[in-house]
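Asks: using only what follows, build the 3D model:
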Amino acid sequence: MTLWKGRIAGPLDASMDALNRSLPVDLRLLPYDVRVNRAWIDELARLGVLTEEEQGALNGALTAIAREFDEGKFDAAALPDEDVHSLIERQLTERVGDAGAKVHSGRSRNDQVATDLRLFLRDAAAAAGAAIDRLALALLDLAEKHAADVMPGYTHLQPALPITIGFDLASFAAELARDRARFRDFAKRANECPLGSGALAGSGLPVNREKLAHALGFARPTLNAQDGVSSRDAAVEFAFAASLAAANLSRRAEDGIIRASREFAFHRPPDATSTGSSMMPQKRNPDGLELVRGKAATILGRAAGLAALIKGLPHAYGKDLQEDKAAVFEIFDALVLCLDVTRAHFAETRFDTARMRGAIPAECAATDFADALVRRGVPFRAAHERVAGLILELEESGVSLAGLDAEEIARRLEIAPEEARWTPEDSAARRAVTGGTAPDAVREQIAKLRLMFS
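Replies: Got it, this is the predicted structure:
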């Protein structure tokens, strides 16, 4: 169905029709467009534009359309309609008659699609949040199990200080807590309804926009009609919340890929998220994490493209905005998939705790030895230099710090022998400050983080 055929006389060129036709993408919005149509029909009935009988017939037809969509009876490739809005209007007109042609009274596709998209984004934010919850709670369960098991902590990808495995997992959950909060904050700002804005200046019918907003579950109508139809802030904000979550997932995927390598072998990629090689029988590849890392690039690119889409548009509506839905759908689908694959990976991960402890070099004691000197009144810079000098001397001699006994370390650094008897567990336990890697501090973090996820 063409909604503007009275103005344009000739048929579209085939290439223009292909470029203009968005139904293959926006058919996904049909359940939301049904809801928007239902709210609009009820408002038109209140205004007397539709009779009570027409209202009932149209709502019944919408119920049938929604059911048929759920049953997979709408094939975009086989339908003649330009978009989901014209599809539904055609269906209503064919099923109900002239009453279907009245449904578009007082509104535009501009406010219709803006409302559909906001409804979708609200649900998408909730679904992304639920996927974050699932991943975070799986991580926290694993963190609890390994709250006291030590591993090397890294800066610059070099062993730095002993941390616990639980601490490392809790840091991932802390990132997810911010991702979760961003989607919650987004949902508050997106909770405004554009319906009734018309093409840009407001509906020509005296519709009650507050009632329409509440009927669709929004907190309020958008404040300004032109802004209501032209703004895609909600789509861009959703995209960038998703892109930051994806970037965080990608960094963790990179950690997991490195640590699953033969050189590290801290854990083996689980069967649930691994694949093999088509040529090399021995291979076990962490493809789940690699695909998460790759999809993060797609999400980031789509988010940047969406921002570029709106940056030069004049107000109010331009057909360029038809591109927003493909970007949002791909971002949402990819993010939820990446969150669920990451959860599946960690749900089956088994750490080689002995190997992880053994990977902590004796030189990671250096900071603790410097702290021991500080407790004796030595200025930290001097303490740093003294310990660094010992490490350098041993390195040039081809000797590891592990080759010295506690008495020798104590003598050369001028600390007590008990301060020189170093273990990774003791080092981690000393960092008992809020947010530290000491097991009790980690358990406290886990308890607080659990409250941030539903």
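Asks: okay, now the domains of this structure?
Replies: 14-102, 109-149+163-357, 361-450 (automatic domain parsing).
Asks: deepest of these, which one?
Replies: Ranked by mean neighbour count, those are led by domain 109-149+163-357 with a mean of 19 (mean count of other C-beta atoms under 10 Å). Yep, even glycine has a C-beta here, placed from its N, CA and C like the rest.
Asks: span of that one from start to end?
Replies: 62 Å (C-alpha to C-alpha, to the nearest Å).
Asks: where's the nearest residue to V84 once chain neighbours are set aside, which helix or strand?
Replies: Closest residue in space to V84, ignoring its immediate chain neighbours: D26 at 4.6 Å, by C-beta to C-beta, 6 or more residues apart in numbering. Assigned by DSSP states H and E, D26 falls within helix 23-26.
Asks: related to what we said a few turns ago, I'd say the residue nearest to V84 and D83 touch.
Replies: Yes: here D26 reaches D83: they are 5.5 Å apart, a contact under C-beta atoms under 8 Å.
Asks: mutual contacts of those two, please.
Replies: V113 (C-beta atoms under 8 Å, 6 or more residues apart in numbering).
Asks: could I get the full set of strands for the protein?
Replies: With DSSP state E as the criterion, the chain has strands at 150-155, 158-164, 192-193, 220-221.
Asks: now those in CSV, with distance to V207 and mean pLDDT?
Replies: Below are those laid out as CSV (distance: least, C-beta to C-beta, whole Å; pLDDT from 0 to 100):
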stretch, distance to V207, mean pLDDT
strand 150-155, 59, 98
strand 158-164, 59, 97
strand 192-193, 11, 98
strand 220-221, 10, 98
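Asks: so which of these gets nearest D405?
Replies: strand 158-164 (19.9 Å; C-beta to C-beta).
Asks: contact partners for the closest residue to L176 other than its chain neighbours?
Replies: Beyond its immediate neighbours in the sequence, the residue positioned closest to L176 (C-beta to C-beta, 6+ apart) is A136, lying 4.5 Å away. A136 makes contact with 173, 176-177, 180, 449, 452-453, according to C-beta under 8 Å, 6+ apart.
Asks: switch the cut-off to 7 Å
Replies: By C-beta atoms under 7 Å, 6 or more residues apart in numbering, A136 lies in contact with 173, 176, 453.
Asks: quick one: stretch 353-361 to chain centroid distance?
Replies: Between the centre of stretch 353-361 and the centre of its chain there are 33 Å (C-alpha atoms, centre = their mean, to the nearest Å).
Asks: just checking, G204 touches G106?
Replies: Yes: if you go by C-beta atoms under 7 Å, G204 and G106 touch, sitting 5.7 Å apart.
Asks: quick revisit: output the domains of the chain as JSON lines; include the columns distance to T155.
Replies: Below are the domains of the chain laid out as JSON lines (distance: least, C-beta to C-beta, whole Å):
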{"stretch": "domain 14-102", "distance to T155": "44"}
{"stretch": "domain 109-149+163-357", "distance to T155": "11"}
{"stretch": "domain 361-450", "distance to T155": "11"}
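Asks: wait, doesn't K325 sit right on P24?
Replies: No: if you go by C-beta under 7 Å, K325 and P24 don't touch, sitting 10.7 Å apart.
Asks: low-confidence ranges, this structure, go.
Replies: 1-10 (pLDDT under 70).
Asks: for it, what's the longest helix?
Replies: Counting residues, the longest helix found in the chain (DSSP state H) is helix 109-145.
Asks: and the angle for it with strand 158-164?
Replies: 80 degrees (axes from the mean of the first three to the mean of the last three C-alpha atoms, to 10 degrees).
Asks: quick one: helix 109-145 to chain centroid distance?
Replies: 8 Å.
Asks: mind checking how far D340 is from F172?
Replies: According to C-beta to C-beta, to the nearest Å, D340 stands 15 Å off from F172.
Asks: same check on G389?
Replies: Distance from G389 to F172, by C-beta to C-beta: 37 Å.
Asks: equivalent analysis for D33, please.
Replies: D33 is 39 Å from F172, by C-beta to C-beta.
Asks: what's near enough to touch A61?
Replies: Per C-beta under 7 Å, 6+ apart, neighbours of A61: 91-92, 95-96.
Asks: and these, which of them are in helices?
Replies: Among the contacts of A61, the members falling in helices (DSSP H) are 91-92, 95-96.
Asks: between those, which sits nearest R220?
Replies: Ranked by distance to R220 (C-beta to C-beta), those are led by L92 at 28.3 Å.
Asks: for that closest one, give its distance to T367.
Replies: For L92 relative to T367 (C-beta to C-beta), the value is 72 Å.
Asks: what does A170 give?
Replies: Computed as C-beta to C-beta, the A170 to T367 distance reads 21 Å.
Asks: can you show me the helices along the stretch 201-350 of the chain?
Replies: 209-215, 225-230, 233-259, 287-310, 324-347 (DSSP state H, counting those that start in this stretch).
Asks: as JSON lines, those helices with distance to A382 would be great.
Replies: Formatted as JSON lines, the helices of the stretch 201-350 of the chain follow (distance: least, C-beta to C-beta, whole Å):
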{"stretch": "helix 209-215", "distance to A382": "67"}
{"stretch": "helix 225-230", "distance to A382": "62"}
{"stretch": "helix 233-259", "distance to A382": "35"}
{"stretch": "helix 287-310", "distance to A382": "44"}
{"stretch": "helix 324-347", "distance to A382": "44"}
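Asks: gap between M356 and L87?
Replies: Applying C-beta to C-beta to M356 and L87 gives a distance of 57 Å.
Asks: I misspoke; the intended subject was L321.
Replies: As judged by C-beta to C-beta, L321 and L87 stand 19 Å apart.
Asks: same question, D13
Replies: 22 Å.
Asks: over to L27?
Replies: With distances taken as C-beta to C-beta, L27 is found 7 Å from L87.
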